[in-house]
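[1] Here you go, sequence then predicted model.
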Amino acid sequence: MKKFYSGVFLTLLLIFAVSPAYATNIQIKVDDIAIKSDVAPQNVNNRIMVPLRMISENLGATVDWSDSEATLSKSDMQIMLELNNATAVKNGETVLLDVKPYLKNNRVMVPLRFIAETFGCDVNYENSTVTVAAQPLLINGVKVQATQYEYHMTMGGVVQQIKGNAYNKAFYDLFLSNKGSLVEAPASYSWQPHIDTPGAYYKIGQYDFLDQKGNSIQCFDVYGLINAHPTEILAGFPEVLLHDATLDQWYLFSDTAIQSISNLVGTATNNGFLTVISNTVV
C-alpha cells in the first residue's frame, strides 16, 4: 500500500513538472494601477503570459490584427507577432521568443516581459505581483503625474483624472501631432455656447497635464464652432480649434483628433486608469 501511494505521488509530481502552462494568482500592475482582464495571466515555462491587447493598450501601443498576425506600434517601435510562432519581428529585426503566442478564450496571450521591455518599460516580479513601469512624460523637465480632463454640460460639469505614464504621453502626443497652423483667437469663445454670435466657439474639453502636486504644467483647450447659423454666414470659420492655454496661442485642430482623444479616454476608463474627481451635472 505504501508503495502504491508513493507511485501516485510521483506521478502527480511528474504531471505538474511537465505541464507547460498553469494558472496562478498573478496580479499585473502598470504604473501602480492594477490591471483587470477577463483572462487571467498564466505562467508558461517561467514566463508570464498576458492578453495582447490588455498589455499593449496600457503601454500606449496601438494593435492591428490581420490573418493571425498582430502588429504593435508605439512611437518609432514596431513589433510583429504571429500565433503559435516563436519568431517575432522588432523594427525589422527577427527575434526569438521563449514562448509562442497562443490563443486562450479568444484572447491572444503574449510574453509580458518581452512586450514591456521592448517598449522601454521596467519589469519587476515580486510576491506574485508583476509591476510594469513605463517611462514618465516630462514637460519642460517636470514629470507629469496625471492628465486632468474637464467638460461641461448645460447644467454642471465633470472633472476626471487619468493616470499612467503611457496614457499621459499618448494624450500629449495627440495634441502635438494634430496641432495645425497658428491662427488668430476667435472673437467669441467660452464654456457656454452663445448661439446669437456668428463665429462663436464653445469649449468641448479642457486637458491639464498635472505635476505631482496637482499643479498644471501644460493646458490645452479644444473648441468647436457653434453651428447655429446658415452655412454662408459661417463660411471661413474652422470647425475645431485648439487653444494652448499655457502660451495663449490658437491652432487649427480636427474632428479626427477629437475622436482619437475620445477613444483614448474610453480605453483608459475601461482599463481602470480614469478616476472621476467631481461630477456636478444635474
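    Now that the structure is in, tell me what you want to look at. None of these values were measured; they are calculated from a predicted model.

[2] can you give me the strands in the stretch 101-250 of the chain?
    102-104, 107-111, 122-126, 129-133, 138-139, 142-143, 146-152, 157-163, 182-183, 189-190, 201-210, 216-225, 240-244, 249-252 (DSSP state E, counting those that start in this stretch).

[3] Now render these as a markdown table, adding mean pLDDT and mean neighbour count.
    C-beta: built from backbone N, CA, C; applies to glycine. A markdown table is the format used below for these (pLDDT from 0 to 100; neighbours: other C-beta atoms under 10 Å):
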| stretch | mean pLDDT | mean neighbour count |
| --- | --- | --- |
| strand 102-104 | 94 | 14 |
| strand 107-111 | 94 | 23 |
| strand 122-126 | 92 | 11 |
| strand 129-133 | 94 | 19 |
| strand 138-139 | 97 | 14 |
| strand 142-143 | 97 | 14 |
| strand 146-152 | 96 | 20 |
| strand 157-163 | 97 | 18 |
| strand 182-183 | 96 | 12 |
| strand 189-190 | 92 | 17 |
| strand 201-210 | 96 | 21 |
| strand 216-225 | 97 | 19 |
| strand 240-244 | 97 | 21 |
| strand 249-252 | 98 | 17 |
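
[4] Using the record's domain definitions, break the protein down for me.
    20-133, 139-279 (automatic domain parsing).

[5] Ends of the last one, what's the gap?
    Taking C-alpha to C-alpha, to the nearest Å, the span from the opening residue of domain 139-279 to its closing residue is 28 Å.

[6] and if you look at stretch 174-184?
    By C-alpha to C-alpha, the extent of stretch 174-184 from end to end equals 22 Å.

[7] follow-up on the earlier one: switch the strands of the stretch 101-250 of the chain over to TSV; also include distance to residue 280.
    TSV is the format used below for the strands of the stretch 101-250 of the chain (distance: least, C-beta to C-beta, whole Å):
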stretch	distance to residue 280
strand 102-104	43
strand 107-111	39
strand 122-126	39
strand 129-133	35
strand 138-139	29
strand 142-143	30
strand 146-152	9
strand 157-163	6
strand 182-183	32
strand 189-190	17
strand 201-210	15
strand 216-225	19
strand 240-244	23
strand 249-252	28
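
[8] Residue 92 is nearest to which of the ones you listed?
    Nearest to residue 92, of all those, is strand 107-111, at 19.3 Å by C-beta to C-beta.

[9] Which elements pack onto the closest one?
    Counting contacts by 3 or more C-beta pairs under 8 Å, 6 or more residues apart in numbering; DSSP states H and E, strand 107-111 packs against strand 47-51, helix 52-57, strand 102-104.

[10] Quick one: closest of these to residue 194.
    Among the helices and strands packed on strand 107-111, helix 52-57 comes nearest to residue 194, with 38.6 Å by C-beta to C-beta.

[11] by contact count, what packs against the closest one?
    strand 62-66, strand 69-74, strand 107-111, helix 112-118.

[12] swap the cut-off to 10 Å and go again
    With contacts taken as 3 or more C-beta pairs under 10 Å, 6 or more residues apart in numbering; DSSP states H and E, helix 52-57 sits against strand 27-30, strand 47-51, strand 62-66, strand 69-74, strand 107-111, helix 112-118, helix 165-178, helix 255-270.

[13] where among these is the average confidence lowest?
    Looking at those, the lowest mean pLDDT belongs to strand 62-66 (a mean of 88).

[14] Same list, the helices and strands packed on strand 107-111, but as a markdown table with distance to residue 188 please.
    Below are the helices and strands packed on strand 107-111 laid out as a markdown table (distance: least, C-beta to C-beta, whole Å):
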| stretch | distance to residue 188 |
| --- | --- |
| strand 47-51 | 48 |
| helix 52-57 | 39 |
| strand 102-104 | 55 |
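
[15] and residue 176, which of the ones you listed is closest to it?
    Of these, nearest to residue 176 by C-beta to C-beta is helix 52-57, at 20.3 Å.
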